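A.B. asks: Build me a model:
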Amino acid sequence: MYFVKTPWYVKTVYPSLTWDIKKENTLYLTFDDGPAPGITDEILRILEHYQAKATFFVIGENVLAHRQLYDTILDKGHTTGNHTMHHVNGWKTDNERYFSDVEACDTIIHENKFRPPYGRITYNQIQRLKQDYTIYMWDVLSGDFDTSLHADICADQVIEHATSGSIVVFHDSEKAKERVLPALPKVLAHFAKKGFRFESL
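C.D. replies: Numbers count the residues shown, from 1 in each chain. Model (predicted):
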């Protein structure tokens, strides 16, 4: 179970995390779990078509495996953030191992933006990591990771729930490919028609 739209009360419980950014007619599209050949590069092409900038929260081991693709993300004017080295779950990982995995990714990408995999992070992990990182969560989940959904539903969920300043999550992963690639152009076309800008974090 997951929330498509993050409830206001969740945001108030974790006020030191960034859930959205108050900026009129602007969306912040983010992509987790890449880079992945055949997916990330296609997303970059779609974004370029709409003159959109985005933020990619990358897994360190994927960057090592596909360094050229990671460099292309930056060359295209997008930003990146730390999504740990091995996509570890903060609720199931002791603190020292968790911090070590974050730091391992940091040695590769050197970024001060962080997003916890699965959105799962403990209070103690937040307290430690917020000293060095801005921790970005989200306002809207596309649900593209959910294999039970059709791409049109993922697009519609973003279109229905995203508003000015929303941070929206997609995934540039093999698991999400069948949903993110058809859904993303629909979302971009809808909000571009409404006069929205798409900016990176």
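
A.B. asks: tell me which element Gly81 is part of?
C.D. replies: strand 79-82 (DSSP states H and E).

A.B. asks: now Lys11
C.D. replies: helix 8-13.

A.B. asks: show me the residues around Thr30 that make contact.
C.D. replies: By C-beta atoms under 8 Å, 6 or more residues apart in numbering, the contact list for Thr30 reads 54-57, 81, 115, 136, 138, 167-170, 201. For the C-beta atoms, the positions are set from N, CA and C on the backbone; glycine is no exception.

A.B. asks: thinking again about what came up before, helix or strand next in line after the strand holding Gly81, which one?
C.D. replies: Next helix or strand after strand 79-82 toward the C-terminus (DSSP H and E): helix 95-109.

A.B. asks: and that following helix, how far out from the chain's middle?
C.D. replies: Distance of helix 95-109 from its chain centroid, counting by C-alpha atoms, centre = their mean, to the nearest Å, is 18 Å.

A.B. asks: which stretches of the protein form strands?
C.D. replies: Here the chain has its strands, by DSSP state E, at 26-32, 55-58, 79-82, 113-114, 134-135, 140-141, 167-171, 197-198.

A.B. asks: and of the ones you listed, who's closest to Asp20?
C.D. replies: strand 167-171 (5.4 Å; C-beta to C-beta).

A.B. asks: Mind giving me the packing neighbours of the closest one?
C.D. replies: strand 26-32, strand 140-141, helix 177-193 (3 or more C-beta pairs under 8 Å, 6 or more residues apart in numbering; DSSP states H and E).
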